[in-house]
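[1] Here is a sequence together with a model predicted from it:
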Amino acid sequence: MLGAPDLDRAVASVERLTGVKAATGGSHSGMGTRNALVSLGGQQYLEIIAPDPRQTSFSFQTDIRTLAEPKLIGWAARTNDIVSLAKRTREGGNQIFAGAVHPAQDSPKGCQLQSFEIEHPDPVKRLGIQAEVKLSKGAGFAAVLSSPKGRVELR
């Protein structure tokens, strides 16, 4: 999930970097956000999320309005036990999003996810999924994409 203070500028930035223009996804009513999507191959996709200027309230978990530039702020994982995962996710203070059609199926194609890293000062911390956490000074994410314009790294 690539957070940004302005969706149109973030979509233009991703297009400059990759050569693929994200498709407008929609508005998240009551959260104050809207998004655009790019398929990353298979069941993987990049969600670009930003404030929705047509909504008067903002309740998204991360205050993306204050970001200076687009930044990776989150990720999603697939599960075969959604009930259990949803319970643990909500208990951990996180949000869950779901849709009828998988975003990778109807989003613009052309990019492929090559690698994704989760970074944290305490890499032993359990996430409840199978994922390696890399030791770093601060919490964050790093993704490497192959695109029509070559290798692109997002942080």
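    Thanks, I have the structure now. Because the structure is predicted, anything quoted here is derived from the model rather than measured.

[2] which one is L17 nearest to, not counting chain neighbours?
    V152 (4.9 Å; Cβ to Cβ, 6 or more residues apart in numbering). Glycine gets a C-beta too; all of them are placed from N, C-alpha and C.

[3] Can you list the helices and strands that the strand or helix carrying the one you found packs against?
    Following DSSP states H and E, one finds V152 within strand 150-154. Judged by 3 or more Cβ pairs under 8 Å, 6 or more residues apart in numbering; DSSP states H and E, the packing partners of strand 150-154 are strand 140-147.

[4] Just confirm Q44 contacts S115, I think it does.
    No. Using Cβ atoms under 8 Å, Q44 is not in contact with S115; the gap is 11.5 Å.

[5] With neighbour numbers in mind, choose between these two.
    For the pair Q44 and S115, the greater number of neighbours falls to Q44 (19 against 9), based on other Cβ atoms under 10 Å.

[6] Distance-wise, check the more buried one relative to A143.
    10 Å (Cβ to Cβ, to the nearest Å).

[7] again, but for G3
    From G3 over to A143 (counting by Cβ to Cβ), the distance is 13 Å.

[8] When these two are compared, which one has more neighbours?
    More neighbours surround G3 than the other of G3 and A143, with 24 against 19 (other Cβ under 10 Å).

[9] Show me what counts as buried in the helix or strand bottoming out on mean pLDDT in the chain.
    Using mean pLDDT, DSSP states H and E, helix 82-91 stands out as the lowest-scoring helix or strand of the chain, at a mean of 79. When neighbours are counted by 16 or more other Cβ atoms under 10 Å, the buried residues of helix 82-91 are found to be L85, T89.

[10] Please apply the same query to stretch 43-55.
    Q44, Y45, L46, E47, I48, I49, A50, P51, D52, Q55.

[11] could those be laid out in a markdown table, adding distance to L85?
    As requested, those are exported to a markdown table (distance: Cβ to Cβ, whole Å):
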| residue | distance to L85 |
| --- | --- |
| Q44 | 18 |
| Y45 | 19 |
| L46 | 21 |
| E47 | 18 |
| I48 | 24 |
| I49 | 21 |
| A50 | 26 |
| P51 | 28 |
| D52 | 27 |
| Q55 | 28 |
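
[12] Specify which member of those is nearest to K87.
    E47 (23.1 Å; Cβ to Cβ).

[13] Next, the angle strand 150-154 makes with the biggest helix by length in the chain.
    Scanning the chain for the helix with the most residues, using DSSP state H, yields helix 7-18. Per axes from the mean of the first three to the mean of the last three Cα atoms, to 10 degrees, the angle that helix 7-18 makes with strand 150-154 is 140 degrees.
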